[in-house]
Structures are given as C-alpha cells and as structure tokens.
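Asker: just to be clear, the model below is a prediction. Sequence and coordinates:
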Amino acid sequence: MLLPVDKPAYDAASAVVMDTLRAVPGAVVEVLGWDEAFVGVHGDDPEAVAQRIRADVLAATDLHCSVGIGDTKVRAKIATEFGKPRGTFRLTRETWFEVMGERPTKDLWGVGPRISQRLAALGVTTVRDLATAEDGLLATEFGPQTGPWLGDLGRGESSSTVDDTPWVPRAHGRETTYQQDLEPEQVDDAVRVLAAQVVGDIRAEGRACARVHLKVRFAPFFTVNRSRKLPEPTWEAAVIARTASDLYRALGDDRPVRLLGVRAEMVPPEGGYEPPRTHGRRGMP
DNA sequence: TCTGGGGTCCTAGGACCC
DNA sequence: TCTGGGGTCCTAGGACCC
C-alpha cells in the first residue's frame, strides 16, 4: 500500500530547509533534491558549521538531518551516508581509502547494480580496485567520458565547486501504473489524461513542448520508450496526446498495458541551458 | 527484487549533408 | 562514378538518482 505524496507540503518544507542553509554566513547552496543540498563554505572549522546547520534546520522545521563534510563533492556526498542518522562525518583525501577502499563499488554515488556488475566482470570489485584500474580499460568498457569519470569516482575525486545557479528543468512527464491493465482500445483515452496533466506542468514552467516521449510498460513487465520531435513546439494537449498515441500504435503490440507515461521535453530557455559542468546525473560532479 | 513516480545524462547507430 | 572522412540531428536504450 502506498500513500499519496503531499507535494505542496514537501515543497514548502524543502524551501524552508534551503532558506535555512542559505542563511549560513558565506554559504553557497546547490539544491540536489527535496531533502538534499551541497553547502559550500570556506573556513577552518567545518564541524562547527555542520553543527550549526543541523541545529538551525531542526529549529526551523523540526526535522533532523545529517551533514557530510568533504574536500570534494563526491566525498561530502558519501560522508553524509556515514553521518546518518542525525550526525556529521568528515571524509577527505587523507581518509578516503581507509574508509572506502575495501567497500564494494556499489557504495559509490553513481555506481548502481549494473555498473558494479560490469566492473566485477573486469575484476574490479572494491573502491580501491576502481581507483587503481587503468583508464584505458575503463574507457573501453564504459566509453571515453564515463570510463575515466568512474576512475575519479573510485578516488573520491571530483569538483569541489558548489554552484547555486537555479536548476532549469529539461522536461516534465506524468506516468501511471494502472490497477487493471489497459486494453489497446483504452490507451488513447489514458494518454489524453496524461497529456493534459503534462501541459499543466509545462504551462507552469512557461516553456512549450518540443519533443514527446511515450513510455509503455506491458503486463509482462517489460518497458519501451519512444520519442518524437514535433515539427514545431506546442502547448496543445491534443497534439501531445496524438503524438503519443501515434508512437504507441507504431509499436504494433496489442498486449495489455500496465503503465503509460507521457513526457514533454521542453524548448530550451532563452540563451539555452547552462553549459554542462557535470558528468552523469544531475548534480553529480 | 516481485517492481511507484519524477527526473537526468551518456552512448551508439543510422540518416543526412558537405 | 566511386570512395572516404567528419559533423550534426534524431532516436532508442541503458543506467542512475531522489
């Protein structure tokens, strides 16, 4: 049983937390999600700053948090895990291998089950193995960007620059898992519902839809994604719905549908997006 | 593991053009 | 006519995170 999420309440609580962080003297705040942020601070007593942050957040919201201190964003992020619950942990170049060296690569931020499995196939199972693996080997297996980035991850190396430029969303989507599988004839209607929700989201954003993505999970639990760039950007739910329906029909698969998703990739903002300063997922150095 | 929802980014292949 | 290389766009798919 899952409970519905009260998004407005979470948004409000998150805003209070972030404002509390921004009130820390000299702090630069890079928001990572509802409940997580990098706080960039210069100074010689990071533990004191961490203490203050936890006290201020508790006072403002009644919420406890943990703080990771690090000399890179990767180390700070991972340190947070060791700080939980309700504590502080410091992880630096000096202590990295002592703390992380013998741990599985899966414990790294950005290494999931799949990559850790592929690494294991190369004989790389621990963080130390990854740190000392040859770039060439990693690049061959994971590509010229991802390979070397993984090596850096193994060493805890990453940028330490905290960037408070507000995040500009790329897309908004809605998806639903149906309590009862849909028959093909029901898909058009369902897609219209999702398209209408998506248009509400992009209207709030003030940017039109340039590309439509359709996600279909069939009852046997396999999923396909299809997308199509529109001839011209649109605000019309009907255009988005029709495009999604076309993509569905083009699959030529009439098995029952468990999930449908419609996503609108938006026109880039005036001046385009920030030049990528990260590799990998959002917020990842 | 038994699977909800909202996101991002990377890689690779084919089409197309110069 | 044939061949080759490089760049860009589009799309599919994979992987990861909160």
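Answerer: Looks like it came in fine.
Asker: so residue A:52 touches residue A:26, yeah?
Answerer: No - taking contacts as Cβ atoms under 8 Å, residue A:52 lies outside contact range of residue A:26: 11.7 Å. In short, each C-beta sits where N, CA and C put it, glycine included.
Asker: looking at those two, which is more packed in?
Answerer: residue A:52 (14 against 10; other Cβ atoms under 10 Å).
Asker: tell me the SS of that one?
Answerer: Of the three states, residue A:52 takes helix under DSSP: H, G, I helix; E, B strand; the rest coil.
Asker: look up how far residue A:71 lies from it.
Answerer: 20 Å (Cβ to Cβ, to the nearest Å).
Asker: over to residue A:132?
Answerer: Taking Cβ to Cβ as the measure, residue A:132 falls 20 Å from residue A:71.
Asker: and what of residue A:90?
Answerer: Computed as Cβ to Cβ, the residue A:90 to residue A:71 distance reads 9 Å.
Asker: any shared contact partners between those two?
Answerer: Common neighbours of residue A:90 and residue A:71 (criterion: Cβ atoms under 8 Å, 6 or more residues apart in numbering): none identified.
Asker: now the helices for the stretch 101-250 of chain A?
Answerer: Applying DSSP state H, counting those that start in this stretch to the stretch 101-250 of chain A gives helices spanning A:113-121, A:127-132, A:135-142, A:146-155, A:184-205, A:237-251.
Asker: list the contacts of residue A:181.
Answerer: For residue A:181, the contact set (Cβ under 8 Å, 6+ apart) comprises A:219, A:256-258.
Asker: which residues in chain A form strands?
Answerer: Secondary structure of chain A (DSSP state E): strands located at A:28-33, A:36-40, A:67-70, A:88-91, A:171-182, A:209-218, A:222-234, A:257-266.
Asker: and the second one with strand A:28-33, angle?
Answerer: Taking axes from the mean of the first three to the mean of the last three Cα atoms, to 10 degrees, one finds strand A:36-40 and strand A:28-33 inclined to each other by 170 degrees.
Asker: where among the helices of the stretch 101-250 of chain A is average confidence lowest?
Answerer: Note on the helices of the stretch 101-250 of chain A: lowest mean pLDDT is at helix A:135-142, with a mean of 90.
Asker: tell me the bridge partners for residue A:104.
Answerer: Beta-bridge partners of residue A:104, counted by DSSP bridges, are residue A:126.
Asker: residue A:54 is in contact with residue A:39, correct?
Answerer: No - contact criterion Cβ under 8 Å: residue A:39 and residue A:54 do not qualify, at 11.5 Å.
Asker: the two: which is more packed in?
Answerer: Higher neighbour count among residue A:39 and residue A:54: residue A:39, with 22 against 19, using other Cβ under 10 Å.
Asker: how about low-confidence regions in chain A?
Answerer: Within chain A, the segments meeting pLDDT under 70 span A:1-3, A:275-285.
Asker: tell me which parts of it are close to DNA strand C?
Answerer: Residues of chain A lying close to DNA strand C by Cβ under 7 Å from any atom of the strand are A:32-36, A:77, A:108-116, A:118, A:211, A:224-229, A:281, A:284.
Asker: now the residues you listed: which count as buried?
Answerer: Among those, those classed as buried by 16 or more other Cβ atoms under 10 Å are A:32, A:77, A:108-111, A:115-116, A:211, A:226, A:284.
Asker: need the max-distance pair from those.
Answerer: Greatest spatial distance in these: A:77 and A:226, 33.8 Å, computed using Cβ to Cβ.
Asker: distance check, the closest residue to DNA strand C within the stretch 101-250 of chain A against residue A:81.
Answerer: Nearest residue of the stretch 101-250 of chain A to DNA strand C: residue A:112, at 2.3 Å (Cβ to the nearest atom of the strand). In this view, residue A:112 and residue A:81 are 15 Å apart by Cβ to Cβ.
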